[in-house]
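> Dropping a prediction and its sequence here:
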Amino acid sequence: SLWMRMLTNKLHGGLRHGLMALATLALAAPAAHGQAAVPPEKGSVGSDCAAGTVIHQDTGCTAGGFQGNLTAAAPEICCGLCAANASCNAWTFHPPQTCLVVATPVIVKRADTQGLTCGCRLASCGATPPTAPTPQPPCDPVKRPAAPKLRPLPPGSTRPHFVSFLIDDLGYDDTSINGNTGITFTPQIQALADGGIRLARHHTYLWCSPTRRAFLSGRYPTHITGTQAPQCSNFLPLQFTILSEKLAAAGYESVFVGKGHLGWHTEDHLMVNRGFEHHIGYLGGGESYKWGGVYGSSDDPRKIVHHDMWSDDLPATELVDTIVYSTEFYTEQALAHIHARNTSRPFWLHLAYQAVHGGTFRQEVPAQDCVDPATVPKEYPHFQNGNYGSVTHALDNGIGNITAALRAAGMWDETLIVFTADNGGDCGLPAQPGVGGAPGAASNYPLLGRKCTAFEGGTRVAAFVAGGLIPAARRGTVSTQLMYITDWYPTFCGLAGVDPTDDWVDPTTQKTHPIDGVDVWAALSTGADGVTNPVREWLPTTERSLLWNDGHGHMWKLITSENKANRFNRNGTQYMDTANECVPNATELARVRHGRLTVPKSCVVCSATSPCLFDVLADPHEEQNVAKANPDIVGSLTTKLAGFNDPYIPSALTPANLACWNCTDSDSNGVGRWGDFWGPCCVRKTA
């Protein structure tokens, strides 16, 4: 990166003497506690500390000896990066192979070089010893929900098996299920959809983590948080009963394979401690397709800085070297669990593939999954270039193998399959050296916008249900029901004979907050019309967008904040939207780049004072903003949206909750406690 190059240039300049002195100090044996030690040389980091003081681990400059674990390799490289930052004036080591500049407040800058991570915390440095730490409050464990209650199953019925495929950043038009005849490399997905029910109005949140947490909790992101979950967080609150815990009460053997991105503050947040009996996958939001690597090259294991791959309740140290391509690895893991399952129990496989995720990763797709460009129409540069078609084809092969395994195991007739993207397709960025770039971009044709936008292209996703549980009369049909990712929570519970109720009572206000999902099985299995007989009237797709089925043939959509976005041609090429004009003097959203097209600066098309209103039944492409002609509808929807924007549960554990745990700094993502693997920041205290 540019920042790294600037730091490297500095290291070759006037700081060389200070860095070498720093290295000498770092590699020296630590002084005994209370024994005087040599203060830092002038010019080295910490040189502005008062005379007679030295650098002290975790506290900065204090009187006394240097208390440190000096095991980091090549400290002149790692801490040299800190030294090159003039804001840093104290430093210390933290194993493994991590050098941190210590102080308060915690503001961490990291950069990798030669396999090390260098953190720099902005600090002040003085001769006054640090004040005594604030006494920790008594341990107050998180209050967990009551055990789920079972409901009697209908006479003659049994608990079905469930398979949920959650696909990362798949575009609305990136398979053939929505009518794209130019795509010939997703035959397995197409066959499943043809034998099931395509979900024409299935919505998610506009990006990844909130969708995944909504699926497991049955709650709208507007009621938890729409923020991407940090590694060490309670963003999937322990105060909730998640879907796997509900199904565990009904005797399900549940297996979680693939991507998490849920927040894992404590060991209790691990999926094997929340109803899943097995879990193999990564905890964070993204990594290389090979070797379970984080923040490193996808091509060279020597450049991987950390790993993120877990097997049940421990880092998968023996598995990371076997991961050559994650799509195939996760398929193999899923197949192994299908074959090894307890055949006397109902089974749920939740397979959250890393694929497709933009398709621009540099790693090589295995030969058997590659798409022959000769089989793709020449007018489809979207798939002719890059490896997006091959990445999607690998996904299709994996789903085909799992489908075949379900049939071979005699599970098909009692299985419900749910296939959905986690948000709209990501359109990539302009091509840059060393970056995947535009050739791997997704397509959300015919919808407007992409992942991260509140337009239909960001939240209305490719989705269907399949499996032998689908009534014969409903196979090969389309449902127009307005659905959200939360709906699978009560739907699975209903079919499994579990009460879906999971009320959370705010201890301050005593207000009860139920789940938001709706059981859609009756509507899907009977073919109820989504306009005249809807399962829901209102749907807050994001904090800034709301859908309303008015019962009179209109489905109104309000958007209170959005930038200009891109549109798509059927062949996946993109162009900038011209139907929605910029709003003068509006405040621009943080993003200004949409796919290969750069939005004119300050081009906001929907704002709080000039919102957008579309009738998405009559105008599915969001081309006609009718807000000015319908002020009463705008006012009603604005008020309703404000009511949905109620994040009623704290997304962080309290100090008293954390007093029950031994915790590392949340900025470490657990690295150090779990070797070079990401993991929970807090582990249970032992007596």
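Noted; the coordinates are in hand.
> Now the terminal residues of stretch 645-653, how far apart.
21 Å (C-alpha to C-alpha, to the nearest Å).
> Tell me the buried residues in that stretch?
Buried residues in stretch 645-653, counted by 16 or more other C-beta atoms under 10 Å: Ile649, Ser651, Ala652, Leu653. (Glycine included, C-beta is placed from N, CA and C.)
> The last one against Asp140, yeah?
No: with contact defined as C-beta atoms under 8 Å, Leu653 does not reach Asp140; the gap is 9.9 Å.
> one step back: mind putting the buried residues of stretch 645-653 into JSON lines with pLDDT and distance to Val605?
Shown next, in JSON lines, are the buried residues of stretch 645-653 (pLDDT from 0 to 100; distance: C-beta to C-beta, whole Å):
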{"residue": "Ile649", "pLDDT": "92", "distance to Val605": "33"}
{"residue": "Ser651", "pLDDT": "87", "distance to Val605": "30"}
{"residue": "Ala652", "pLDDT": "90", "distance to Val605": "35"}
{"residue": "Leu653", "pLDDT": "93", "distance to Val605": "39"}
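> What I need now is the residues you listed written out in a markdown table, including distance to Gly275 for each item.
Below are the buried residues of stretch 645-653 laid out as a markdown table (distance: C-beta to C-beta, whole Å):
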| residue | distance to Gly275 |
| --- | --- |
| Ile649 | 19 |
| Ser651 | 21 |
| Ala652 | 23 |
| Leu653 | 20 |
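> Kindly tell me how buried the residue nearest to Val583 when sequence neighbours are not counted is, as a neighbour count.
Using C-beta to C-beta, 6 or more residues apart in numbering and skipping the chain neighbours, the partner closest in space to Val583 is Ser610 (4.5 Å). Other residues lying near Ser610 total 18 when counted by other C-beta atoms under 10 Å.
> I'd assumed Ala627 was in contact with Ser610.
Yes: between Ser610 and Ala627 a contact is recorded at 7.4 Å, counting by C-beta under 8 Å.
> pLDDT weak spots in the stretch 251-400 of the chain?
Within the stretch 251-400 of the chain, the stretches with pLDDT under 70 are 295-303, 358-363, 378-379, 381-386.
> and the next element down the chain from the strand or helix carrying Gln333?
Gln333 is part of helix 326-340, with elements assigned from DSSP states H and E. For helix 326-340, the following helix or strand on the C-terminal side (DSSP H and E) is strand 347-356.
> Parallel or antiparallel, list what pairs with that following strand.
strand 161-168 (parallel), strand 253-259 (parallel) (DSSP bridges).
> Identify each buried residue in that strand, please.
Phe347, Trp348, Leu349, His350, Leu351, Ala352, Tyr353, Gln354, Ala355, Val356.
> Could you pull up the residues touching the last one?
This points to Val356. The contact partners of Val356, by C-beta atoms under 8 Å, 6 or more residues apart in numbering, come to Ile167, Asp168, Asp169, Leu170, Gly171, Asp174, Tyr388, Val391, Thr392, Leu395, Ala442.
> which SS class is the spatially most central residue of the chain?
Centroid check for the chain by C-alpha atoms, centre = their mean gives Ser209 as the closest residue, at 3.3 Å. Under DSSP: H, G, I helix; E, B strand; the rest coil, Ser209 falls in the helix class.
> My guess is it contacts Trp264. True?
No: Ser209 is not in contact with Trp264 according to C-beta under 8 Å; the separation is 11.8 Å.
> For Ile224, give its distance to Ile649.
Applying C-beta to C-beta, to the nearest Å, the value for Ile224 to Ile649 is 7 Å.
> any shared contact partners between the two?
Pro237.
> for the residue nearest to the centre of the chain, what are its contacts?
Going by C-beta under 8 Å, 6+ apart, the list of residues near Ser209 reads Thr227, Gln228, Ala229, Phe235, His261, Leu262, Gly263, Gly285.
> Burial check on the third one, number of neighbours?
Pointing back at Ala229 there. Residues within reach of Ala229, counting by other C-beta under 10 Å, total 26.
> what does the last one give?
Summarising burial for Gly285: neighbours were counted as other C-beta under 10 Å, giving 20.
> Also the fifth one?
As a burial measure, His261 scores 25 neighbours (other C-beta under 10 Å).
> That one and Cys208 touch, don't they?
Yes: His261 sits in contact with Cys208 when judged by C-beta under 8 Å, with a separation of 5.6 Å.
> which residues do the two both contact?
Residues touching both His261 and Cys208 (C-beta under 8 Å, 6+ apart): Gln228, Gly285.
> Buried residues, the one helix or strand Ile402 maps to. List them.
According to DSSP H and E, Ile402 maps onto helix 388-408. Buried residues in helix 388-408, counting neighbours by 16+ other C-beta under 10 Å, are found at 388-400, 402-403, 405-406.
> Return the member of the buried residues of stretch 645-653 nearest to Tyr484.
Among those, Ile649 lies closest to Tyr484 (C-beta to C-beta), at 18.6 Å.
> That closest one and His513 touch, don't they?
Yes: assessed by C-beta under 8 Å, Ile649 is found in contact with His513 at 7.4 Å.
> intersection of neighbour lists for these two?
With C-beta under 8 Å, 6+ apart, Ile649 and His513 have common neighbours His223, Trp504, Asp506.
> From those, pick the one nearest Arg673.
Of those, the one sitting nearest to Arg673 (C-beta to C-beta) turns out to be Trp504, at 29.9 Å.
> who's in contact with the closest one?
Pro145, Gln239, Phe240, Thr512, His513, Tyr648, Ile649.
> and the third one, how many neighbours?
Going back to what we said before, that points to Phe240. If we define neighbours as other C-beta under 10 Å, then Phe240 has 22 of them.
> Am I right that it is in a strand?
No: counting by three-state DSSP, Phe240 falls outside a strand, being coil.
> what's the distance between it and Ser561?
Distance from Phe240 to Ser561, by C-beta to C-beta: 28 Å.
> And for the fourth one?
Look at Thr512 and Ser561: by C-beta to C-beta, they are 30 Å apart.
> the more surrounded of these two?
Ser561 (20 against 9).
> Verify the stated contact: that one with Ala608.
Yes: using C-beta under 8 Å, Ser561 is in contact with Ala608, at 6.6 Å.
> As CSV, could you dump the C-alpha coordinates of stretch 158-178?
Provided in CSV are the C-alpha atoms of stretch 158-178 (Å, rounded to 0.1, in the frame of the first residue of the first chain):
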residue,chain,number,x,y,z
THR,A,158,-42.2,-36.0,11.2
ARG,A,159,-39.6,-33.3,11.7
PRO,A,160,-38.0,-32.5,8.3
HIS,A,161,-34.3,-32.1,7.5
PHE,A,162,-33.2,-28.6,6.6
VAL,A,163,-30.4,-27.4,4.3
SER,A,164,-29.7,-23.7,4.0
PHE,A,165,-27.3,-22.3,1.4
LEU,A,166,-26.2,-18.8,2.1
ILE,A,167,-24.2,-17.4,-0.8
ASP,A,168,-21.9,-14.4,-0.4
ASP,A,169,-22.5,-11.4,-2.7
LEU,A,170,-24.2,-13.4,-5.4
GLY,A,171,-25.8,-11.1,-8.0
TYR,A,172,-29.5,-11.3,-8.8
ASP,A,173,-28.7,-12.3,-12.4
ASP,A,174,-25.6,-14.3,-11.9
THR,A,175,-27.3,-17.7,-12.2
SER,A,176,-29.9,-18.8,-14.8
ILE,A,177,-32.7,-19.0,-12.2
ASN,A,178,-34.0,-15.5,-13.0
